[in-house]
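Need a 3D model of the sequence below.
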Amino acid sequence: MAFLRNKPKQDSAPAIHSLLGKEVTFKGEIHTGARSFRVEGIVEGTIHSTGEVSIAPGGLVRGSIFAKHLVVTGRAEGTMKITECLEIHGTGYVEGDVEVGSLVVDEGGTLQGVCVRRDQSSSLEAMPTAKGGTLPLSDPPELGYRKTDTKY
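Presented below is the predicted three-dimensional model:
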């Protein structure tokens with residue numbers, strides 16, 4: 001006798017609650033609460049969200065993003081503090097100072113700047129830093145960094 005199990009349903013993509021459409025430019029501060037927010041146009045300013053923010057292909061955010069989850073298939077420039085996951089898809093480009101819980105970069109995606117993992121930021125704050133940046137001056141052994149020789 002065979003037993004049939006129902007496979008658990010995979011979570012579907014979250015519904016988009018707010019949308020900034022193509023050819024729309026917004027300058028200022030946006031607060032979305034836990035609702036998802038999709039940018040297809042241009043935002044110059046700050047986005048505050050306790051939910052998901054997604055930047056579509058052709059979309060641009062120039063400023064600061066504070067969110068639980070950020071998905072970039074367009075372009076984000078500035079400061080980003082993401083409590084859970086930053087996903088940079090193949091067409092995505094992120095430039096600036098980034099603090100994340102976790103990071104996923106697909107092939108073709110670009111991260112240009114400084115990225116710090118949230119649970120390590122407190123130990124990095126206590127270390128001396130290079131002028132004008134947030135990277136430690138030396139590799140701290142307690143974080144498990146290793147120096148390697150790479151030949152191209």
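
quick one: what helix or strand has the closest residue to residue 29 other than its chain neighbours in it?
Distance criterion C-beta to C-beta, 6 or more residues apart in numbering; nearest residue to residue 29, sequence neighbours excluded, is residue 46 at 4.7 Å. To be clear about C-beta, it is placed using only N, CA and C from the backbone, and glycine gets the same treatment. Per DSSP states H and E, residue 46 falls inside strand 42-48.

right, and the helix or strand after that strand?
Note on strand 42-48: by DSSP H and E, the next helix or strand toward the C-terminus is strand 52-55.

any low-confidence regions in the chain?
Along the chain, the parts satisfying pLDDT under 70 run over 1-16, 120-152.

how about the helices in it?
121-125 (DSSP state H).

picking that back up, show me the contact partners of the strand holding residue 46.
For strand 42-48, the surrounding residues in contact (C-beta atoms under 8 Å, 6 or more residues apart in numbering) are 20, 24-32, 37, 39, 53, 59-67.

Among those residues, which ones are in strands?
Applying DSSP state E to the contacts of strand 42-48, the entries found in strands are 20, 25-31, 37, 39, 53, 60-67.

Now the buried members of these.
Among the ones in strands among the contacts of strand 42-48, those classed as buried by 16 or more other C-beta atoms under 10 Å are 20, 30, 37, 39, 53, 60-61, 63-67.

possible to save these as JSON lines with distance to residue 76?
Shown next, in JSON lines, are those (distance: C-beta to C-beta, whole Å):
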{"residue": "20", "distance to residue 76": "14"}
{"residue": "30", "distance to residue 76": "14"}
{"residue": "37", "distance to residue 76": "13"}
{"residue": "39", "distance to residue 76": "9"}
{"residue": "53", "distance to residue 76": "9"}
{"residue": "60", "distance to residue 76": "8"}
{"residue": "61", "distance to residue 76": "5"}
{"residue": "63", "distance to residue 76": "9"}
{"residue": "64", "distance to residue 76": "10"}
{"residue": "65", "distance to residue 76": "6"}
{"residue": "66", "distance to residue 76": "12"}
{"residue": "67", "distance to residue 76": "11"}
